[in-house]
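# turn this into a model:
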Amino acid sequence: MEALSDNSLMLKVKAGEVHRLALLYERYNRDLFGYFYRLTGNAATSEDMVQNVFYRIIKYSHTYRGEGDFIYWMYRIARNVWADSFRRKNPLEKTKELAAIENWANEERDPHQSLEASEGVSLLRKAMARLAPEKQEAIILSRFQGLKYKEIAKITESTENTIKSRIHRGLIELKEIMTQLEMG
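Numbers count the residues shown, from 1 in each chain. From the prediction side, this is the model:
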């Protein structure tokens, strides 16, 4: 039996076959979790965001036209979920998220390794948090999610050159920020 494409599955969901969303969930829940985890550093928050994406996919299925790849439409929804969450975030939650990523770094390592990993992850996390959200997102989609510039441009509804620029400038800023954090 031939596997249905993402677009075909989503068109079936749009037509009322909501159970077909389970296949899309199986295909993309890990990628979305990774995307959100890199943005938030919190596993529980990331899982909630993944669930929220699939809830919104059902809720807004009537707007899906089947033009272009499903993944671009899905990541636009994911961006909106993250943006909504980011706007509501308070300083206490940010502190908890930083602690969660540091705890993750300490799992199943010897003490010396744990300390180095924790410091490195913490430093990267702090530096990433200082980047502008659009640069942070472009770097995460490119370097951690493995998307191509063209794909990121579609998801963010910008040009490929804009994405290249955001990533290039973001990486330069990230290096500068990390150097400052290491020194001070």
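
# in the chain, which helix or strand is least confident?
In the chain, the helix or strand scored least confidently by mean pLDDT, DSSP states H and E is helix 91-106, which has a mean of 46.

# which element, helix or strand, includes the closest residue to residue 60 other than its chain neighbours?
The shortest distance from residue 60 to any non-neighbouring residue, by CB to CB, 6 or more residues apart in numbering, is to residue 77 (7.2 Å). Any C-beta I mention is one placed from the backbone N, CA and C, and that applies to glycine too. Residue 77 belongs to helix 70-88 when assigned by DSSP states H and E.

# starting at the chain centroid, how far to that helix?
Remark: helix 70-88 is offset 9 Å from the chain centroid, using CA atoms, centre = their mean, to the nearest Å.

# low-confidence bits of this protein, can you list those?
For the chain, the stretches flagged by pLDDT under 70 are 1-2, 86-119.

# what segments of this structure are helices?
Under the criterion DSSP state H, the chain contains helices at 6-14, 21-40, 43-59, 70-88, 91-106, 111-130, 133-139, 149-156, 160-183.

# now render those helices as TSV, adding mean neighbour count.
Compiled in TSV, those are given as follows (neighbours: other CB atoms under 10 Å):
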stretch	mean neighbour count
helix 6-14	18
helix 21-40	18
helix 43-59	17
helix 70-88	17
helix 91-106	15
helix 111-130	14
helix 133-139	21
helix 149-156	19
helix 160-183	15
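
# contacts only, for the closest residue to residue 73 other than its chain neighbours.
Nearest residue to residue 73, sequence neighbours excluded (CB to CB, 6+ apart): residue 64, at 6.2 Å. Residue 64 sits next to 10-11, 13-14, 70, 73 when contact means CB atoms under 8 Å, 6 or more residues apart in numbering.
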